[in-house]
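Q: I need the structure of the sequence given here:
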Amino acid sequence: MYDPSPIAALLVAVCVGVACGALSPVVVARRWAFAAEGIAHSAFGGAGVAWILAIMLPAAGSALGVEIAVVAACLTTALAMALLSRRRGVSVDVAVGVVLSLALAVGFIGQGVYFSATRMQPVGFYALLVGRSDLAWIDALVAGAVTVGVVGVLVLIRRGVLAFAVDPELARSSGLPERAVHFLLMLLLAAVVALGVRLAGSLLVTALLVLPAATAGRLTRKLGPALWLSVLLAPAATLIGHLAAAQVDWLPPGPAVVITATLPFGVSLLKR
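A: Prediction:
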């Protein structure tokens, strides 16, 4: 039985922040913000496919069915982007733009089809856009496992990640399996986006992958402190934003988290 818990929701907020903060420096260094946005919007498109299938197969429209569709869409989109970026003559920005627009269209069409057939809103429609606060212990368990996995992989291959983030061509010439690192990081990005969508929503989760490292980079030029600062800023934003949303009935968690993450960046702009 799905039993929401305030403590579980706080743990999810912290886990999402840590995972996003750990991957944020890579996203900023490689300029993957738009790619992350495309993956995030594909989650909404995946849910739209599940809602359409639910007309004939009700299980597809359940909470579990929608979650599976979201994760599958994120992973598929990340792999497609990684493959496209390896092909010459293919603009990744154009591909991401197409995926982003198509995913939103499919998501809203799925919602419309489901509502027309059942006269009810599909499961997770609003939450997928702006996040949710009614999270249970199963969500905390999944969030903890994803966060441990993402951080663990980043620590294990930290030298390769650093080389790839700074200069992929140099990493390739030095014998680093740059292609493998690229695909692995895109899969990690998909996992973090799929996790972050639960708290911040598909429209806003990208902010958690950009703002922490962007803020840290303005506050310090040293790589080590910047990495730690990014990992600290993101969970602080998710935790404070979630607590604010829990206290204000009309405030969704996604916008609250984004505003909280934006404030330190605004302050950092005052620093020369």
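
Q: which residues touch Leu154?
A: 22-23, 161, 188 (C-beta atoms under 8 Å, 6 or more residues apart in numbering). Quick note: C-beta positions are derived from backbone N, CA and C, even for glycine.

Q: Quick one: the helices in the stretch 51-200 of the chain, in order.
A: Ranges of helices in the stretch 51-200 of the chain, per DSSP state H, counting those that start in this stretch, are 63-85, 92-118, 125-130, 137-156, 158-166, 168-173, 178-200.

Q: picking that back up, name the member of the contacts of Leu154 with the most neighbours.
A: Neighbour counts for the contacts of Leu154 were taken using other C-beta atoms under 10 Å; the highest belongs to Leu23, with 30 neighbours.

Q: Which of the contacts of Leu154 scores worst on pLDDT?
A: Comparing pLDDT over the contacts of Leu154, the lowest score belongs to Val161 (85).

Q: so what's it up against?
A: Val161 neighbours (C-beta under 8 Å, 6+ apart): 26, 154, 181, 185.

Q: tell me the pLDDT at the spatially most central residue of the chain?
A: In the chain, the residue lying closest to the centroid (C-alpha atoms, centre = their mean) is Val193, at 1.9 Å. Looking at Val193, its pLDDT is 96.

Q: circling back to that earlier point, how about the helices of the stretch 51-200 of the chain, which one is nearest Ala40?
A: Across these, Ala40 has its closest neighbour in helix 178-200 (5.0 Å, C-beta to C-beta).

Q: Identify each buried residue in the closest one, please.
A: For helix 178-200, burial by neighbour count (16 or more other C-beta atoms under 10 Å) applies to 178, 181-200.

Q: Between helix 63-85 and it, find me the angle.
A: Here helix 178-200 points in a direction 150 degrees away from that of helix 63-85 (axes from the mean of the first three to the mean of the last three C-alpha atoms, to 10 degrees).

Q: Which other helices and strands does the helix or strand that comes right after helix 178-200 contact?
A: Remark: after helix 178-200, the chain's next helix or strand is helix 206-219, criterion DSSP states H and E. Other helices and strands packing on helix 206-219, by 3 or more C-beta pairs under 8 Å, 6 or more residues apart in numbering; DSSP states H and E, are helix 6-29, helix 33-53, helix 178-200, helix 223-247, helix 253-268.
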